[in-house]
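Enquirer: take a look and give me a structure for this.
(chains A and B)
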Amino acid sequence: MAGTLVDDHPMTASMDEKTRLAVFEQTIVPHLSAAYNLAAWLTRNKDDAEDVVQEAYLRAFRFFGGFHGGDGKAWLLAIVRNTCQTWLRREKGNRSVVMFDEQTHSPELAKTNPEGMLLKKFDVVSLRECLEGLPVDYREVVILRELEEMSYQEIADVVKIPIGTVMSRLSRARQRLAECVAARVNGGLV
Amino acid sequence: MCGCQSERGVGMKCASSRHLLELHLDGELSASESAEIEEHIENCALCDALYRRLEQLQSDIRKQITRHTAPAKLQRTIQVALRKAAASESQPPRVRWNWMAVAASLLLFASLALNIASLRSRDSAARDILAQEVLSSHLRSLMGTHLLDVPSSDQHTVKPWFNGKLSFSPDVKDFSSQGFRLVGGRVEYIGNRPVAALIYQRRQHFINLFTWPSSSPSQSGYSELKRSGYNIMSWTEDGMTCWAVSDLQTGELEQFAQLYK
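Expert: Next up is the predicted model:
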């Protein structure tokens, strides 16, 4: 048993590696799809999302001693989010982020090209683009609330912010989304 | 609530109720608070319109924004990496990575083949689910959150404890003299019913024994399974179904099952 684990829980600490791995595979690995979804929305790049999720899982396993039971999903997503943050900070200094597809997610660009927008199924495409264009602090609360259907408390645990901040960020994010979609539907005239 | 219909200060007051509308939308209000705001929405055109827009946006997001699906190979990659990490922590002399990868994929392939084979009959599929529940319950109990409801090595304390908690009285015996010490019991929920869980200890190993009245006829022998390195045995005797799970060697778990029978 490695003695390097931070904040070891007595039960997980007394487990041998085989048991630890088995418990980890039962409680944490099943949340892979949520982990990948969050990473993909935060990094906006599929290859990077894979790398981030893999790195997050290894970190999670290393710090599994700090998991005291309870909601494995929120515990894992907090680590995925941290790993994404590190990645995004590193990325800022390096290259410009490669996006999911060629379509831009910037509302400003859409405004300069209203003809192109008319040809799109604006309802589906623009909502997605608007969400991708939201600042990451707003984007993550929307993903956790609407796609992962987490409660405010669970979101607060993942993002490590007070519940009141979850509420105000979510509210602000919704206003921005609504404004962005409305702007596109009206061809950027609003 | 907020006098939205009054002429002056309409925007201000409704802006403050916007938060309440969103809390209601997200299911964060108590039943009485929800009832209150619903009544208000009915009587306030502004809040009604705002709430409809919020509902529409939520349903648009949930319908139109698809989740990103992880590529199939990612789970395999992660499992290989985890096994490698676990192996390198427990064995200082490093095993070559390639070997670990090969071993892990063989294991994965074998367990996949086993799963497919076991899916063949519905009976064994049901057993499969039960085995999974039994194993999960065992693992959860070892996580330290909930191993025992009644910690006692005295069978005369443990057995009566189940009275009133279950619709049956489980057989409780201590086998300390044979090296299987009774450490206590708890109530679990397995196969859609409350069952008795008895916990035994042999050296540093725990055994969870789950038992409940059987719906099928007695079966003379044992069924044995191996999952994630754990041994699982099940049998039916005197109208009771029993499942035992532990990381003990098969031989020792069999010895325990013989004793309990």
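Enquirer: where along the stretch 51-200 of chain B do the helices fall?
Expert: B:72-90, B:97-118, B:122-142, B:155-161 (DSSP state H, counting those that start in this stretch).
Enquirer: which stretch among those helices comes nearest chain A?
Expert: For chain A, the closest of the helices of the stretch 51-200 of chain B is helix B:72-90, at 3.7 Å, according to CB to the nearest CB. To be clear about C-beta, it is placed using only N, CA and C from the backbone, and glycine gets the same treatment.
Enquirer: next, see if the closest one gets close to chain A.
Expert: Yes - against chain A, helix B:72-90 shows contacts by CB under 8 Å from any CB of the partner chain at B:74-75, B:77-79, B:81-83, B:85-87, B:89-90.
Enquirer: flag the shaky bits of chain B, pLDDT-wise.
Expert: Counting by pLDDT under 70, the ranges of chain B that qualify are B:1-16, B:89-100, B:114-125, B:144-146, B:217-220.
Enquirer: show me where it has its strands.
Expert: Along chain B, counting by DSSP state E, strands occupy B:150-151, B:181-190, B:193-202, B:205-213, B:219-227, B:230-237, B:240-246.
Enquirer: the last one pairs with which strands, and in what direction?
Expert: Here strand B:240-246 has these sheet partners by DSSP bridges: strand B:205-213 (antiparallel), strand B:230-237 (antiparallel).
Enquirer: follow-up on the earlier one: any idea which of the strands of chain B is most buried?
Expert: strand B:240-246 (a mean of 23; mean count of other CB atoms under 10 Å in any protein chain shown).
Enquirer: got the angle between that strand and strand B:193-202?
Expert: If you take axes from the mean of the first three to the mean of the last three CA atoms, to 10 degrees, strand B:240-246 sits at 50 degrees to strand B:193-202.
Enquirer: before we move on, the earlier item: could you dump the helices of the stretch 51-200 of chain B into JSON lines with mean neighbour count added?
Expert: Shown next, in JSON lines, are the helices of the stretch 51-200 of chain B (neighbours: other CB atoms under 10 Å in any protein chain shown):
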{"stretch": "helix B:72-90", "mean neighbour count": "17"}
{"stretch": "helix B:97-118", "mean neighbour count": "12"}
{"stretch": "helix B:122-142", "mean neighbour count": "17"}
{"stretch": "helix B:155-161", "mean neighbour count": "17"}
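Enquirer: which one of those helices lies closest to residue B:195?
Expert: Distance to residue B:195, taken as CB to CB, is lowest for helix B:122-142 among the helices of the stretch 51-200 of chain B, at 9.2 Å.
Enquirer: can you give the contact residues for the closest one?
Expert: A:11, A:15, A:19, A:22-23, A:26-27, A:69, B:115, B:118-119, B:146-147, B:186, B:188, B:190-191, B:197, B:199, B:206, B:208, B:210, B:223, B:225, B:227-228, B:230, B:232, B:234, B:243, B:245-246 (CB atoms under 8 Å, 6 or more residues apart in numbering or on different chains).
Enquirer: circling back: export the helices of the stretch 51-200 of chain B as a markdown table, with columns for distance to residue A:170.
Expert: Shown next, in a markdown table, are the helices of the stretch 51-200 of chain B (distance: least, CB to CB, whole Å):
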| stretch | distance to residue A:170 |
| --- | --- |
| helix B:72-90 | 29 |
| helix B:97-118 | 40 |
| helix B:122-142 | 32 |
| helix B:155-161 | 46 |
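Enquirer: buried residues in stretch B:174-181?
Expert: In terms of neighbour count (16 or more other CB atoms under 10 Å in any protein chain shown), stretch B:174-181 has its buried residues at B:174, B:175, B:180.
Enquirer: ok, now stretch A:157-177?
Expert: Those would be A:157-159, A:165-167, A:169-171, A:173-174, A:176-177, for stretch A:157-177 by 16+ other CB under 10 Å.
Enquirer: mind exporting the C-alpha coordinates of that stretch to PDB?
Expert: Presented in PDB, the C-alpha positions along stretch A:157-177 are these (Å, rounded to 0.1, in the frame of the first residue of the first chain):
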ATOM      1  CA  ASP A 157     -19.800  20.700  -4.700                       C
ATOM      2  CA  VAL A 158     -18.400  20.200  -8.200                       C
ATOM      3  CA  VAL A 159     -17.500  23.800  -9.000                       C
ATOM      4  CA  LYS A 160     -16.700  24.600  -5.300                       C
ATOM      5  CA  ILE A 161     -18.700  27.800  -5.100                       C
ATOM      6  CA  PRO A 162     -21.600  28.700  -2.700                       C
ATOM      7  CA  ILE A 163     -25.100  27.800  -3.700                       C
ATOM      8  CA  GLY A 164     -26.100  31.400  -4.100                       C
ATOM      9  CA  THR A 165     -23.300  31.800  -6.800                       C
ATOM     10  CA  VAL A 166     -24.700  28.700  -8.600                       C
ATOM     11  CA  MET A 167     -28.100  30.300  -8.700                       C
ATOM     12  CA  SER A 168     -26.800  33.700 -10.000                       C
ATOM     13  CA  ARG A 169     -24.500  32.100 -12.500                       C
ATOM     14  CA  LEU A 170     -27.200  29.900 -13.900                       C
ATOM     15  CA  SER A 171     -29.600  32.800 -14.100                       C
ATOM     16  CA  ARG A 172     -27.000  35.000 -15.900                       C
ATOM     17  CA  ALA A 173     -26.200  32.100 -18.200                       C
ATOM     18  CA  ARG A 174     -29.800  31.600 -19.200                       C
ATOM     19  CA  GLN A 175     -30.300  35.300 -19.900                       C
ATOM     20  CA  ARG A 176     -27.200  35.300 -22.100                       C
ATOM     21  CA  LEU A 177     -28.400  32.200 -23.900                       C
END
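Enquirer: so what's the most centrally placed residue in chain A up against?
Expert: Against the mean C-alpha coordinate of chain A, by CA atoms, centre = their mean, the closest residue is residue A:38 at 3.1 Å. Listed by CB under 8 Å, 6+ apart, the contact partners of residue A:38 are A:77, A:80, A:81, A:84, A:140, A:143, A:144, A:148.
Enquirer: separation between the third one and residue A:131?
Expert: If I follow you right, that is residue A:81. Distance, residue A:81 to residue A:131, by CB to CB, to the nearest Å: 17 Å.
Enquirer: where does chain A have low pLDDT?
Expert: Judged by pLDDT under 70, the stretches of chain A that qualify are A:1-15, A:93-124, A:187-190.
Enquirer: show me where it has strands.
Expert: Under DSSP E, chain A gives no strands.
Enquirer: now do the helices in it.
Expert: A:10-14, A:17-27, A:32-43, A:46-62, A:72-93, A:107-112, A:114-118, A:122-133, A:136-142, A:152-159, A:163-185 (DSSP state H).
Enquirer: got the angle for the last one vs helix A:152-159?
Expert: Spelled out, it's helix A:163-185. Using the same axes, to 10 degrees: helix A:163-185 against helix A:152-159 is 90 degrees.
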